[in-house]
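Visitor: requesting a structural model of the entry that follows:
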Amino acid sequence: MPVSTQQRRSAVRTDNEPSLRIVCPNGHLGFAPIKTGSFVIGCAAEPDLICADSGSCDVGPVPLGADISSSPRRWQEHDLEVMLLASRRLGVPMIIGSAGDTGTNSRVDLFVEILRDLARKHGLKKFRIGYFYSEVGKEELRRRIRDGDAVEGLDDRPALDLATLDATDRVVAVAGVHPYIKLLDEGADVIIGGRSSDCAIFAAPAIRCGFPAGLAYFYGKILECASFCAEPYGAKESVLGEITMDDVKVTAMLPEQRCTIASVAGHAMYERANPFYEHFLGGHLDMSECHYEQYDDRTTRITGPRYVPARELRVKLEGSGKIGERYVGIVGVRDPYTIAHIDDVIGWARQQAREQLGDSGYELHFTVYGRDAILGELEPLKATPAHEIGIVVQGIARTRELAEEACMIGTRQMFYARLPRVKGTAGGVAFLLDEVMPASPAYRWTLNHTMRVDDPLELFPTFLTEAGV
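Guide: Purely as a prediction, here's the structure:
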């Protein structure tokens, strides 16, 4: 821990110049285990809270639609145990948002259950667990649509209609700071949140303590991915944030890492269509006038973010719906002529599937790694693929049997594809495995919408319970 940062802590802890410190040990709790070395350093730096996000759309629509976690329970238990023991030892609150990757009600209940088990395991003294739910019933959305209260689409999506709603299995609303503040006010020692805005998890205690909203939301924005705001890259390492009435400071806890102007500013801008705005329930954060300065060797200081309140309260909704069962096949290609005509090979395989299975009732997807699998049509080097490529074939259908058959046709028929200049009888592709493999059911995002609310808490019921002995 830099001596300068440690000393400045006591210098600003006065009634006139308060500060609030949060240590964040993991940018996605449970997704990969916390690195405990840097977390221990963070806990020695006098944090006022320990906070972490546990969810993301990055895991895709399957966990939300199927109501499961994408992370192993053992990893989730590990991270919760590390954080809970530190929280209780230090006597500071602990906050987890978007529990279990998706923030559904069952994932919140799972985390509360794990906390109770951990409290019994370690004989912890009684503490209060606050939690809230984020799921939205489809009947409520159906009523809104019928009443003409538009559930508006984001990113050029049309407004939600009944057909899309019927194709949806599960919906969560994205909470703002409000349920976290309510539960802190009610004396919760540990909070498990449903689906939440990433920055709200950290902004809530800062706003509750009276710090400026612009700084508080930036505080959350920069802390939520932990050491992603530091360099060199090192995942799952802890960072320490400090907010005052004038600024935000963020410090890397791993001795080999630094929070630099470039690493912090870069992280503030990532994953956004507009790098300067962060939207959440109640308004948005404007970072266009942020000023970054190197405070000490491993700390960056930020001033200038602005909070812009929304004209009306609109909560973001995320929804997922099942498409069907899924099988996966893997094909490799090294032959230059086959690579140059890979779309013809894929076209042949599709035609063979149509001849055997018809035109409907299944889907075939071919993802060409080494050409354009990541960027798709945006790939600038699509015309110059690698010297060897891999194709992932996905067969999707209502039944497992049909999904397997479709995937097998799509995979094997690439071997038999006829190209104009091919003279030999052997195909131009190879198989990693002769079989196709069962995968998780296929889901798609159905809702990326916003819904008007009169009260920022109306979709997020809160509860209090106890754990420990």
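Visitor: and the strands in the stretch 101-250 of the chain, which stretches?
Guide: According to DSSP state E, counting those that start in this stretch, the stretch 101-250 of the chain carries its strands in the segments 127-132, 152-153, 170-173, 190-192, 239-244, 248-252.
Visitor: mean pLDDT, mean neighbour count and distance to Ala417 added to these, as a markdown table?
Guide: The C-beta positions use only the backbone N, C-alpha and C, and glycine is treated the same way. Converted to a markdown table, those look like this (pLDDT from 0 to 100; neighbours: other CB atoms under 10 Å; distance: least, CB to CB, whole Å):
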| stretch | mean pLDDT | mean neighbour count | distance to Ala417 |
| --- | --- | --- | --- |
| strand 127-132 | 98 | 23 | 54 |
| strand 152-153 | 96 | 15 | 40 |
| strand 170-173 | 98 | 26 | 40 |
| strand 190-192 | 98 | 27 | 52 |
| strand 239-244 | 97 | 26 | 51 |
| strand 248-252 | 97 | 28 | 52 |
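Visitor: between the ones you listed, which one is nearest to Gly210?
Guide: Nearest to Gly210, of all the strands of the stretch 101-250 of the chain, is strand 239-244, at 10.6 Å by CB to CB.
Visitor: that closest one: how far from the chain's middle?
Guide: Distance of strand 239-244 from the chain centroid (CA atoms, centre = their mean, to the nearest Å) equals 22 Å.
Visitor: elements contacting it?
Guide: Counting contacts by 3 or more CB pairs under 8 Å, 6 or more residues apart in numbering; DSSP states H and E, strand 239-244 packs against helix 3-12, strand 19-24, helix 213-223, strand 248-252.
Visitor: that strand vs strand 19-24, what angle?
Guide: Following axes from the mean of the first three to the mean of the last three CA atoms, to 10 degrees, one obtains 160 degrees for the angle between strand 239-244 and strand 19-24.
Visitor: tell me how far the most centrally placed residue in the chain lies from His291.
Guide: In the chain, the C-alpha nearest the mean C-alpha coordinate belongs to Ser56, at 1.3 Å (CA atoms, centre = their mean). Distance, Ser56 to His291, using CB to CB, to the nearest Å: 29 Å.
Visitor: cool, and Ile302?
Guide: 7 Å.
Visitor: look at the two and report which has more neighbours.
Guide: Remark: of Ile302 and His291, Ile302 carries more neighbours, 26 against 12, as counted by other CB atoms under 10 Å.
Visitor: helix, strand, or coil at that one?
Guide: With DSSP: H, G, I helix; E, B strand; the rest coil as the basis, Ile302 sits in strand.
Visitor: contact partners for the spatially closest residue to Val151 that is not a sequence neighbour?
Guide: Excluding the flanking residues, the one nearest Val151 by CB to CB, 6 or more residues apart in numbering is Leu160, at 3.9 Å. Contact partners of Leu160, counting by CB atoms under 8 Å, 6 or more residues apart in numbering, are Leu141, Ile145, Ala150, Val151, Glu152, Gly153, Leu447, His449.
Visitor: one more: Ala99?
Guide: The contact partners of Ala99, by CB under 8 Å, 6+ apart, come to Ser54, Gly55, Arg107, Val108, Leu110, Phe111, Ile192, Gly193, Gly194.
Visitor: any idea how far it lies from Lys423?
Guide: 60 Å.
Visitor: how about Glu81?
Guide: For Glu81 relative to Lys423 (CB to CB), the value is 64 Å.
Visitor: show me which of those two is the more surrounded one.
Guide: It is Glu81, of Glu81 and Lys423, that has more neighbours when counted by other CB under 10 Å, with 17 against 4.
Visitor: check that one and give its pLDDT.
Guide: On pLDDT, Glu81 comes in at 98.
Visitor: how many residues are close by the nearest residue to it once chain neighbours are set aside?
Guide: Leaving aside its chain neighbours, Glu81 sits nearest to Leu118 (5.3 Å; criterion: CB to CB, 6+ apart). Counted with other CB under 10 Å, residues neighbouring Leu118 total 19.
Visitor: follow-up on the earlier one: could you pick out which of the contacts of Ala99 are located in helices?
Guide: Here DSSP state H is the test, and these give Arg107, Val108, Leu110, Phe111 as lying in helices.
Visitor: just among these, which is most surrounded?
Guide: For the ones in helices among the contacts of Ala99, counting by other CB under 10 Å, the largest number of neighbours falls to Arg107: 28 neighbours.
Visitor: average pLDDT across stretch 42-60?
Guide: For stretch 42-60, mean pLDDT is 95.
Visitor: in CSV, could you pull the C-alpha coordinates for that stretch?
Guide: The C-alpha trace of stretch 42-60 is given here as CSV (Å, rounded to 0.1, in the frame of the first residue of the first chain):
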residue,chain,number,x,y,z
GLY,A,42,-7.1,-3.8,0.5
CYS,A,43,-8.6,-4.8,3.8
ALA,A,44,-5.6,-3.4,5.7
ALA,A,45,-6.3,0.0,4.1
GLU,A,46,-9.2,0.9,6.4
PRO,A,47,-12.1,0.4,3.9
ASP,A,48,-15.6,1.5,5.0
LEU,A,49,-17.3,-1.1,2.8
ILE,A,50,-16.5,-4.2,0.8
CYS,A,51,-18.5,-4.3,-2.5
ALA,A,52,-18.6,-6.4,-5.6
ASP,A,53,-20.8,-6.9,-8.7
SER,A,54,-21.8,-10.5,-9.4
GLY,A,55,-23.7,-10.2,-12.7
SER,A,56,-23.3,-9.3,-16.4
CYS,A,57,-25.1,-9.6,-19.7
ASP,A,58,-21.7,-10.8,-21.0
VAL,A,59,-22.6,-14.4,-20.0
GLY,A,60,-25.4,-14.3,-22.7
